[in-house]
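Asks: Attaching a predicted model along with its sequence, questions to come.
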Amino acid sequence: MRFFSDIWPHLAGTVTLLISLIASAHVVMYKRDVRAAAGWFGLIWLVPVLGAMLYVMLGINRIQRRASAMLGERLRLSMDVDTTGLPGAGLETAIDTNDNHLYDLARVVNRVTSSPLCGGNDIAPLVGGDEAYPVMLEAIDSAKRSITLCTYIFDNDEAGWAFARALERAVNRGVRVRVLIDAVGSRYSFPPMARTIRRMGIPVARFMPTFLPWSMPYLNLRNHRKSLVIDGRFGFTGGMNIRVGHWLSKQPKHPTMDLHFRVEGPIVSQIQGAFIEDWTFTTGEELSGPEWLPEPAETEGSAIARAIVDGPDEDLDKLRWTLLGALSAARRSVRIITPYFLPDQPIITELCVAAMRGVRVDIILPQNGNLKAVQWASTAQLWQVLRGGCRVFLSPPPFDHTKLFVVDETWVFMGSANWDPRSLRLNFELNVEVYDRILAGEMARLFDERMSQARLCTLGDVDSRPMPIKLRDGLFRLFAPYL
């Protein structure tokens, strides 16, 4: 007994040292970002054992390699991809002669992604749940063959029940329905709507459940994509979840502005392909056949578009590279609306370089964010883009959850991704790039209207914050990669 009491401190110390050494070695070998590596290295040694445990649970590279292994051989649409990086898809019809520089952007994204540009798409914006939800519900009621729905949040509220009942009606008339809800997002309301949907006879799955101890390391690995596809022929995508907060006419307790899009044309096949991939990964069921992927419907639309999937697997950094490419290609204007703004240093640099080149760079952020920690961390970084010549505007309530990026009133980037590390490195996201002067003009006008109602945030405003507020904001900035 005495021998054990004498030896256990040495054993504990040896085990602690080994744990720290192994975790540190993994950081050194696999963390690509030097600052992140230094942060994890310090945490592992300053907080023995606990620091290593946090690294095992939250280390981005571990998630990346695990996600890649789990997804295995990914489903690919039977579409030829131009590996030469040439734009194609009739871009000359969508790009004015004054915007020939955007061919370079198309060439960059061709090389970054595995999706081809496709022409002949009709893409229409739907502002808020008041415009989007009735059209989406009507579309579900019109379905003849199949419905796929992917969402991060599916709340147990008036909006959630409206969609659940519409999906139930579709199932009852023989439509094949598949619903995919993120496991974390499904718990935003109680009781979770997934259980209710399943009892209604609607096939539903939750993406990567995390309540079991062995699944907790993947708490950050979330499916943040939003899509609804009807009969494989037309659909909806953007940044809007299913919750009554977006339905402003219902006078919700927490009103939220947002933006969604109705899409029709070949781009629907790419959006459907992303859902099929996620559904197969989650359930093992492969969706194939013309009821899920029919021949693309011909439209009179003029939009050239491409779906871009991004996630912590082999698709890592596709959105980030697209953002960098678009900022470097901009010649006249950059318009950004995002609810969460925590860009990394290369993106901050590119924003500032664009402004210094004479590009008008305007960014709209919520005046009152719904996640205080994220807003505090964001405020701590604003001085960098303000000093670089970008303009930042703070929009008044209701909270604006819109995700929109417009370049030179020709290129539109919309979808589920935010300008933060969670979207660009941890989440599975779905965005669509569109070359279309008509749509871009509409989005530019929407942006300018919201900017006219927002308050300009100056460098003086940021610098004049009281010291305790600066310290608070700076502290939360240190946790930016995980907010």
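Replies: Everything's here; your move.
Asks: List the contacts of stretch 159-175.
Replies: Stretch 159-175 is contacted by residues 129, 133, 136-137, 140-141, 143-147, 149, 154, 177, 179, 189, 193, 196-197, 200-202, 242-244, 246-247, 250 when judged by C-beta atoms under 8 Å, 6 or more residues apart in numbering. Backbone N, C-alpha and C define where each C-beta goes, glycine included.
Asks: Buried members of the residues you listed into PyMOL, please.
Replies: In PyMOL, a selection of the buried entries from these looks like this (16 or more other C-beta atoms under 10 Å):
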select buried, resi 129+133+136+137+140+143+145+146+147+149+154+177+179+189+193+196+197+202+242+243+244+246+247+250
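Asks: among the contacts of stretch 159-175, which are in strands?
Replies: 146-147, 149, 177, 179 (DSSP state E).
Asks: Dig out what the spatially closest residue to residue 343 that is not a sequence neighbour forms beta bridges with.
Replies: Once flanking residues are discounted, residue 343 sits nearest to residue 419: 5.2 Å by C-beta to C-beta, 6 or more residues apart in numbering. Beta bridges link residue 419 to residue 341, judged by DSSP bridges.
Asks: quick one: stretch 350-369 to chain centroid distance?
Replies: Centroid displacement of stretch 350-369 relative to its chain, using C-alpha atoms, centre = their mean, to the nearest Å, is 20 Å.
Asks: so for it, what's the average pLDDT?
Replies: For stretch 350-369, the mean per-residue pLDDT is 97.
Asks: pLDDT of stretch 376-388, averaged?
Replies: Mean per-residue pLDDT for stretch 376-388: 96.
Asks: who's in contact with it?
Replies: 340-343, 348, 351-353, 355-356, 361, 363, 365, 369, 392, 457-459, 462-463, 465, 470, 472-474, 476-477, 479-480, 483.
Asks: Stretch 180-197 too?
Replies: 148-157, 160, 164, 167, 179, 204-211, 219, 222-224, 241, 243, 275, 278-279, 282.
Asks: Just the ones of those residues in strands?
Replies: Per DSSP E, the subset of those in strands is 148-151, 179, 204-207.
Asks: Quick one: list the elements packing against the strand or helix carrying residue 335.
Replies: Element membership for residue 335 (DSSP states H and E) is strand 333-337. Helices and strands touching strand 333-337, by 3 or more C-beta pairs under 8 Å, 6 or more residues apart in numbering; DSSP states H and E, are strand 360-366, strand 404-407, helix 437-452.
Asks: What is the subsequent helix or strand relative to that strand?
Replies: Per DSSP H and E, the first helix or strand lying C-terminal to strand 333-337 is helix 345-356.
Asks: Give the buried residues for that next one.
Replies: Using 16+ other C-beta under 10 Å as the burial criterion, the residues of helix 345-356 that qualify are 347-352, 354-355.
Asks: Including distance to residue 27, could those residues go into CSV?
Replies: As requested, the buried residues of helix 345-356 are arranged in CSV below (distance: C-beta to C-beta, whole Å):
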residue, distance to residue 27
347, 24
348, 24
349, 25
350, 27
351, 29
352, 30
354, 33
355, 35
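Asks: Mind listing the residues bridging to residue 151?
Replies: Going by DSSP bridges, residue 151 forms beta bridges with residue 181.
Asks: Pick the most buried one from the helices and strands packed on strand 333-337.
Replies: Mean neighbours per residue, mean count of other C-beta atoms under 10 Å, is largest over the helices and strands packed on strand 333-337 for strand 404-407, with a mean of 26.
Asks: What strands flank it, and is each parallel or antiparallel?
Replies: Sheet pairing of strand 404-407 (DSSP bridges) gives strand 333-337 (antiparallel), strand 411-415 (antiparallel).
Asks: can you put the ones you listed in TSV and add distance to residue 324 and mean neighbour count?
Replies: Below are those laid out as TSV (distance: least, C-beta to C-beta, whole Å; neighbours: other C-beta atoms under 10 Å):
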stretch	distance to residue 324	mean neighbour count
strand 333-337	12	24
strand 411-415	12	26
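Asks: nearest to residue 102, of those strands?
Replies: Among these, strand 411-415 comes nearest to residue 102, with 5.9 Å by C-beta to C-beta.
Asks: What's the local residue count around residue 386?
Replies: If you count neighbours by other C-beta atoms under 10 Å, residue 386 ends up with 21.
Asks: residues of the helix or strand containing it that come out buried?
Replies: Under the criterion of DSSP H and E, residue 386 resides in helix 372-387. The neighbour-count check on helix 372-387 (16+ other C-beta under 10 Å) flags 373-382, 384-386 as buried.
Asks: And for stretch 9-22?
Replies: Burial within stretch 9-22, assessed by neighbour count using 16+ other C-beta under 10 Å, is assigned to 19-20.
Asks: hey, C-alpha coordinates of it in PDB?
Replies: The C-alpha trace of stretch 9-22 is given here as PDB (Å, rounded to 0.1, in the frame of the first residue of the first chain):
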ATOM      1  CA  PRO A   9       2.400  10.600  -8.200                       C
ATOM      2  CA  HIS A  10       5.200   9.500 -10.500                       C
ATOM      3  CA  LEU A  11       2.800   7.300 -12.600                       C
ATOM      4  CA  ALA A  12       0.400  10.200 -12.900                       C
ATOM      5  CA  GLY A  13       3.100  12.600 -13.900                       C
ATOM      6  CA  THR A  14       4.400  10.200 -16.500                       C
ATOM      7  CA  VAL A  15       1.000   9.600 -18.000                       C
ATOM      8  CA  THR A  16       0.300  13.300 -18.000                       C
ATOM      9  CA  LEU A  17       3.600  14.000 -19.700                       C
ATOM     10  CA  LEU A  18       2.900  11.300 -22.300                       C
ATOM     11  CA  ILE A  19      -0.600  12.600 -23.100                       C
ATOM     12  CA  SER A  20       0.800  16.100 -23.500                       C
ATOM     13  CA  LEU A  21       3.700  14.900 -25.700                       C
ATOM     14  CA  ILE A  22       1.300  12.800 -28.000                       C
END
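Asks: Residue 240 contacts residue 129, correct?
Replies: Yes - with contacts counted by C-beta atoms under 8 Å, residue 240 reaches residue 129, the gap being 6.7 Å.
Asks: Thanks a lot, see you next time.
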